[in-house]
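Novice: just need the structure, nothing else, for what follows:
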Amino acid sequence: MEKTRSKTKVALYGTRPLAVLASGLAVMLMLMPSSYAGDLPHSALHFGVRCQADFQENWDPVWDNYGMCTNFINTIKRTDWVDFYFNLHGAQVAFVDGNAAETCSRCGGADSVDFFLIATHGGIDERQSRYAMWDFQARAWSGSMRFGDTGQQLKVFATYTCDTLNSSDGHLWDRMGRAFRGGVKLIVGAHGSVYNGAPQKGADFASRMQHGEAISTSWLEAVWYSNNNNRPAASATGVNANDCRARLDMNLESVRTSTPLRDGQIGHVCWREWSN
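Specialist: Modelled structure (predicted):
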């Protein structure tokens, strides 16, 4: 159920130097960007979307996210390529570093596009974040991910999933460091719960980015204002704290043109969170 919007939000910012830190497919698309009113603030990127609302043998609860995903696609396709919209049947391999499916567009691979959006159930343990697949008790694990150094070289990993960017326990880098080390520039998700419904957040997220707003701000605004109980978060890396903060504010054009940071080039991880 949609919650009453509060008039205030709490914005939290965190940064840590790393020296301190320990296929059943739904729809295949290749949508050419249509004309868009006004001057485009960015060159077209390749987007991929994978969403799952129900799960084999009801192993995870059904929830409503297809509206968000469809609205995101219908908006972003005005300016950018949408390469695929798939469900998460047999999808675990599409997130595994070194698996051929990871760089395969017709397989829905994360590294086959510039910008990947996933919506599913999520969670964490001390060392990994997990993303529910449709298949019974199957999950994609962040410990198997390394995004950004193969295929199309993924630049943004957007995850409408609970908890997967949790930073409160001090283990954000332990969980997401392997994914970042490949060179992916931004990961947006949640530091706590996100909720059903409010499909307009997909269109809001896309539209804000199309008009040049920072990707992280677009995500935080769209997800939080759709339901003030949502706990959106965004994370980036940098060579130092100032660089990390600057990269956290990349928009669609700068995320395309900025230099990826991989492995030992990364000196800092930073994040931004919103709560009530």
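Novice: how near is residue 59 to residue 121?
Specialist: 10 Å (C-beta to C-beta, to the nearest Å). In short, each C-beta sits where N, CA and C put it, glycine included.
Novice: between these two, who's got more neighbours?
Specialist: residue 121 (21 against 14; other C-beta atoms under 10 Å).
Novice: these two touch, right, the more buried one and residue 163?
Specialist: No. Using C-beta atoms under 8 Å, residue 121 is not in contact with residue 163, being 9.6 Å away.
Novice: start and end of stretch 128-139, how far apart?
Specialist: With C-alpha to C-alpha, to the nearest Å as the measure, stretch 128-139 spans 11 Å from end to end.
Novice: can you give me the strands for the stretch 1-150 of the chain?
Specialist: 10-17, 27-31, 46-51, 81-86, 115-119, 122-124, 129-132, 139-141 (DSSP state E, counting those that start in this stretch).
Novice: check contacts around the residue minimising distance to the centre of the chain.
Specialist: Nearest to the geometric centre of the chain sits residue 158, at 0.9 Å (C-alpha atoms, centre = their mean). By C-beta atoms under 8 Å, 6 or more residues apart in numbering, the residues touching residue 158 are 115, 116, 117, 118, 187, 188, 189, 205, 219.
Novice: who does the first one bridge with?
Specialist: When bridges are taken as DSSP bridges, the partners of residue 115 come out as residue 47, residue 156.
Novice: work out the gap between the one helix or strand residue 236 maps to and the centre of the chain.
Specialist: Taking DSSP states H and E as the definition, residue 236 sits inside strand 232-238. Put simply, strand 232-238 sits 10 Å off its chain's centre (C-alpha atoms, centre = their mean, to the nearest Å).
Novice: name the helices or strands packed onto it?
Specialist: Using 3 or more C-beta pairs under 8 Å, 6 or more residues apart in numbering; DSSP states H and E, the elements in contact with strand 232-238 are helix 172-180, strand 186-190, helix 215-226, helix 241-248, strand 268-275.
Novice: try 6 Å this time
Specialist: strand 186-190, helix 215-226, helix 241-248, strand 268-275 (3 or more C-beta pairs under 6 Å, 6 or more residues apart in numbering; DSSP states H and E).
Novice: now the angle from the longest one to strand 186-190?
Specialist: Between helix 215-226 and strand 186-190, the angle formed by their directions is 10 degrees, by axes from the mean of the first three to the mean of the last three C-alpha atoms, to 10 degrees.
Novice: so who does residue 130 touch?
Specialist: Residues in contact with residue 130 (C-beta atoms under 6 Å, 6 or more residues apart in numbering) are 123, 139, 141.
Novice: excluding sequence neighbours, find me the nearest residue to it.
Specialist: Distances taken as C-beta to C-beta, 6 or more residues apart in numbering put residue 139 closest to residue 130, at 4.4 Å, once the chain neighbours are dropped.
Novice: and that neighbour, how far from residue 273?
Specialist: As judged by C-beta to C-beta, residue 139 and residue 273 stand 24 Å apart.
Novice: more crowded one of the two?
Specialist: Taking neighbours as other C-beta under 10 Å, residue 139 and residue 273 compare with residue 273 leading, 23 against 20.
Novice: quickly list what that one is bridged to.
Specialist: So, taking DSSP bridges as the rule, residue 273 has residue 12, residue 233 as bridge partners.
Novice: could you measure from it over to residue 251?
Specialist: Distance from residue 273 to residue 251, by C-beta to C-beta: 20 Å.
Novice: would you confirm that residue 203 belongs to a strand?
Specialist: No. Looking at residue 203 with DSSP: H, G, I helix; E, B strand; the rest coil, it is helix, so not inside a strand.
Novice: name the element the residue nearest to the centre of the chain belongs to?
Specialist: strand 156-160.
Novice: the bottom helix or strand of this protein by mean pLDDT?
Specialist: The least trusted helix or strand in the chain, going by mean pLDDT, DSSP states H and E, turns out to be strand 27-31, with a mean of 50.
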